[in-house]
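Next come a sequence and a model predicted from it.
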Amino acid sequence: MKNKKQVWFVIGMLMLVIISGIIFVYHQSKTTTFEKVLTNIISKEENIKEVTIRRCNIEENAENDKVMTISNKNELTKFFEQPSDMKLKRTSESNNNHHYIIDMKTGEVSYMVIINDNGTLVTYGEKPIRTNKHQYEITGPNKLVETIKSNENKWELIEKDTGTLESGSLYKFCSNS
């Protein structure tokens, strides 16, 4: 009788360990870093040549938005290195409260990342199709927004819908409508 209880105890413990392992592996497969996300949307053969960031003024429905462009190779490297280890968790929850639209150009191709202060990051595939949309929850410090804010002196005020990439095609992501 005692041996039977021990066998069932060992089987129960093994099942617990196996189930815990499966849950751990599943959870780990849903978490990633900003660097890995970028590598998944931009191939290693492509180099980002220019980044345009639009700061959306949500309260004013895209009035008085700001834009900055980074094209210096050293500044681009620094811009992407600082948030590279930022922790992300894949999610299906949608958040349309966009604060920063980041358009990354690799020559002829353009990729987009949208991020807000509330801890949501959305990636889009190649422009103009942009069908590969993935949403992430930022699980630690929002290092990308911190990096953007550290470049505060580079902002330029733009007018709504003047036809440029910065104020035209990115405008639709900033408006509350």
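Ah, there it is.

Quick check: bridge partners of the residue nearest the centre of the chain?
Central residue of the chain (C-alpha atoms, centre = their mean): residue 121, 3.5 Å from the mean position. Legend: beta-bridge partners of residue 121 under DSSP bridges are residue 115, residue 136.

what's near enough to touch the closest residue to residue 105 other than its chain neighbours?
Leaving aside its chain neighbours, residue 105 sits nearest to residue 50 (4.5 Å; criterion: C-beta to C-beta, 6 or more residues apart in numbering). All C-beta atoms are positioned from the backbone trio N, CA, C, and that covers glycine. Shown in contact with residue 50 (C-beta atoms under 8 Å, 6 or more residues apart in numbering): 69, 70, 71, 76, 104, 105.

Got a PyMOL select line for the buried ones in those residues?
Selection of buried members from those for PyMOL, criterion 16 or more other C-beta atoms under 10 Å:
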select buried, resi 70+76+104+105
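
which ones among the contacts of residue 50 are found in strands?
69, 70, 104, 105 (DSSP state E).

Closest one of the residues you listed to residue 134?
Set against residue 134, the nearest of these by C-beta to C-beta is residue 104 (14.9 Å).

Residue 19 versus residue 25, what's the distance?
11 Å (C-beta to C-beta, to the nearest Å).

can you check residue 53 too?
Per C-beta to C-beta, residue 53 is found 44 Å from residue 19.

Compare these two and say which one has the larger neighbour count.
residue 53 (25 against 10; other C-beta atoms under 10 Å).

For that one, name its beta-bridge partners.
Under DSSP bridges, the beta-bridge partners of residue 53 are residue 68, residue 102.

Might you report the residue contacts of it?
Taking C-beta under 8 Å, 6+ apart, we find residue 53 in contact with 67, 68, 69, 70, 100, 101, 102, 103, 148.

can you put these in JSON lines and add distance to residue 156?
What follows is the contacts of residue 53, written out as JSON lines (distance: C-beta to C-beta, whole Å):
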{"residue": "67", "distance to residue 156": "6"}
{"residue": "68", "distance to residue 156": "7"}
{"residue": "69", "distance to residue 156": "8"}
{"residue": "70", "distance to residue 156": "12"}
{"residue": "100", "distance to residue 156": "15"}
{"residue": "101", "distance to residue 156": "15"}
{"residue": "102", "distance to residue 156": "16"}
{"residue": "103", "distance to residue 156": "15"}
{"residue": "148", "distance to residue 156": "14"}
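
Show the buried residues in these.
Among the contacts of residue 53, those buried by neighbour count (16+ other C-beta under 10 Å) are 67, 68, 70, 100, 101, 102, 103, 148.

Select, from those residues, the two members most distant in space.
Maximum pairwise distance in the buried ones among the contacts of residue 53, criterion C-beta to C-beta, is 14.0 Å, between 70 and 101.
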